[in-house]
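[1] Below are the sequence and a predicted model for it; my questions follow.
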Amino acid sequence: MRLLLVTMFCFAMTGCLKEPPSVPSIPGQQTILLDAEVVEVCQALENEFDNYELQAPFWVDSVEWSRPVGGGEWEPLGTDTALHLPTSQGVGSVRCLIHWQGDTIIRTAHFYTCYRFVMVPTAFDRWYSYSTGWKPVINPGLLGPELEFLHWQVRSLDGTLLFETHSLEDGWNGRDDGQWIGTGTFLYHIRVKFAGEDELVFTGMFVMLG
């Protein structure tokens, strides 16, 4: 009986003392649809979410991804409809050959460095030690116009409001009234306005990984 109690106690302690789940390899990424002949992708010099997924249009028959390597040569990167880039540093540009109904359409994603950006992570993990929660990454830039207005919300898929703020610093920690909701897909609605410019509205979904 004593051996059984000791064994049960050890199993219980093992469960309680487990390490937090490991951080996934893709902590946050920005999905970019190639819906134009050339898509400009602004990347900041400092970006916590420096992961990109280039997405070909849904109607394609097949695709070929590649990037220039000099001398007019192109290095193949894959043939899936979506291309994940762990980092855009050193990429410069990516070409997508879209094959559809016997025709070939060329679309290009061009990465460039800028000092102002609005980026919305499409995935997030709350176990990051430096994490302040899920939030959009907004940088007006050193020489850009001032941020005049900001309001953003997180809602469940049924439309229930879970979090809202006007702050760049606050983030949603995956809780509703102090209770951890758990992993899943959530909706965001972001309104941002820079001085002298029209208001920008971003809506979409993101995934809480753990």
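    Thanks, I have it.
[2] Wait, Thr122 touches Leu209, no?
    No. The pair Thr122 / Leu209 is not scored as a contact, 10.8 Å apart, by C-beta atoms under 8 Å. The C-beta positions use only the backbone N, C-alpha and C, and glycine is treated the same way.
[3] where in this protein is pLDDT low?
    Applying pLDDT under 70 to the chain flags the ranges 1-30, 42-51, 86-91, 113-117, 126-131, 140-145, 210.
[4] Break down this protein into its helices, ranges please.
    Listed in chain order, the helices of the chain (DSSP state H) span 2-16.
[5] Can you give me the domain assignment for it?
    30-113, 117-208 (automatic domain parsing).
[6] In TSV, list these along with mean neighbour count.
    Below are the domains of the chain laid out as TSV (neighbours: other C-beta atoms under 10 Å):
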stretch	mean neighbour count
domain 30-113	15
domain 117-208	15
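[7] Ile190 versus Asp35, what's the distance?
    20 Å (C-beta to C-beta, to the nearest Å).
[8] actually Glu148, sorry about that
    For Glu148, the distance to Ile190 (C-beta to C-beta) stands at 14 Å.
[9] Tell me how far Leu187 lies from Phe149.
    According to C-beta to C-beta, Leu187 and Phe149 sit 21 Å apart.
[10] before we move on, what about Ile105?
    Distance of Ile105 to Phe149, given as C-beta to C-beta: 39 Å.
[11] Then Arg107?
    34 Å.
[12] and what of Asp61?
    Counting by C-beta to C-beta, the gap from Asp61 to Phe149 is 44 Å.
[13] same question, Glu164
    14 Å.
[14] try Ala109
    To Phe149, Ala109 is 30 Å away according to C-beta to C-beta.
[15] Ok, Arg155 next?
    20 Å.
[16] wait, isn't Asn173 in contact with Gly133?
    Yes. Asn173 is in contact with Gly133 according to C-beta under 8 Å; the separation is 4.2 Å.
[17] which other residues reach stretch 98-109?
    32, 34, 36-39, 41, 54, 56-57, 59-64, 93-97 (C-beta atoms under 8 Å, 6 or more residues apart in numbering).
[18] Of those, which belong to strands?
    32, 38-39, 41, 54, 62-64, 93-97 (DSSP state E).
[19] For those, give me TSV that also has distance to Val137.
    TSV is the format used below for these (distance: C-beta to C-beta, whole Å):
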residue	distance to Val137
Ile32	15
Val38	24
Val39	19
Val41	14
Leu54	19
Ser62	34
Val63	28
Glu64	31
Ser93	23
Val94	22
Arg95	27
Cys96	25
Leu97	31
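[20] Out of those, flag the one nearest to Trp74.
    Arg95 (6.6 Å; C-beta to C-beta).
[21] can I assume the closest one is in contact with Val63?
    No. Using C-beta under 8 Å, Arg95 makes no contact with Val63, being 10.3 Å away.
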